[in-house]
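Enquirer: pasting the structure only:
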């Protein structure tokens, strides 16, 4: 399927430079999924082509999500065809920018209405502007929140509208410490039991 998709996209959307990145096999097992990457500036045309192509009929947008890598940001679109029983991971890469000048990619709300809230969430959490979105507001954080919580360089503000954001008496440091101990023990092949459960049957 993926080779046919590359042929379709590179023929119908010149300049989209569609390429396939296959999943990696480790010790005979498949890790991850095959992914098609395209140029971000043509994402709307690419999606329209995939939706309207009768041989694929990607009539459903399941997910839009963003990720922050060391040198770039990435947007993933998970497409599905309920009529052809197909699924596709489509991705674009965007340059990293600062909070005052967000990276931009065209909206796909003109292709699937379900993109509306998903693009808003991606904007809110990762800081990607979806150009042409009909309602580009934050959806999880308050409208005046500072920064984008899923960015690697995100630092939560200390005060929001006169309130302390992470007051110590509401932070469960004991739980965090135990989780860190548990993680270390797991890496070393040891079991750890919570102090309050020692000697009890669980």
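Expert: Sure thing, it's come through. Keep in mind that what you see is a predicted model, and the values were worked out from it rather than measured.
Enquirer: For the rest of this, base every contact and every neighbour count on C-alpha atoms.
Expert: Fine.
Enquirer: Now residue 6. Nearest residue, chain neighbours left out?
Expert: Counting by CA to CA, 6 or more residues apart in numbering, residue 18 is the residue found nearest to residue 6 once chain neighbours are left out, at 5.7 Å.
Enquirer: give me every residue that touches that neighbour.
Expert: Counting by CA atoms under 8 Å, 6 or more residues apart in numbering, residue 18 makes contact with 6, 9-10, 36-39.
Enquirer: what do you get for residue 105?
Expert: 40-41, 43, 128-131.
Enquirer: ok, back up a step: check the contacts of residue 18 and tell me the two furthest apart.
Expert: 6 and 39 (12.7 Å; CA to CA).
Enquirer: List of residues touching stretch 109-116?
Expert: Contacts to stretch 109-116, defined as CA under 8 Å, 6+ apart, come from residues 44, 47-48, 51, 60-61, 64, 107-108, 133-135.
Enquirer: hmm, back to that, give me the buried entries from the contacts of residue 105.
Expert: The neighbour-count test (16 or more other CA atoms under 10 Å) marks 40-41, 43, 128-130 as buried among the contacts of residue 105.
Enquirer: Just after the helix or strand of the chain with the lowest mean pLDDT, pick out the following helix or strand.
Expert: None of the helices or strands of the chain scores lower by mean pLDDT, DSSP states H and E than strand 29-31, at a mean of 61. Note on strand 29-31: by DSSP states H and E, the next helix or strand toward the C-terminus is strand 35-37.
Enquirer: Which other helices and strands does that following strand contact?
Expert: For strand 35-37, the elements it packs on are strand 19-21, strand 86-95, judged by 3 or more CA pairs under 8 Å, 6 or more residues apart in numbering; DSSP states H and E.
Enquirer: And the contacts of it?
Expert: Strand 35-37 has contacts (CA under 8 Å, 6+ apart) with 2, 6, 17-23, 88-92.
Enquirer: Can you verify residue 182 is assigned to a helix?
Expert: Yes: the assignment for residue 182 is a helix, going by DSSP: H, G, I helix; E, B strand; the rest coil.
Enquirer: any idea how far it is from residue 191?
Expert: 8 Å (CA to CA, to the nearest Å).
Enquirer: More neighbours: the two, which one.
Expert: Between residue 182 and residue 191, residue 182 has the larger neighbour count (other CA atoms under 10 Å), namely 17 against 10.
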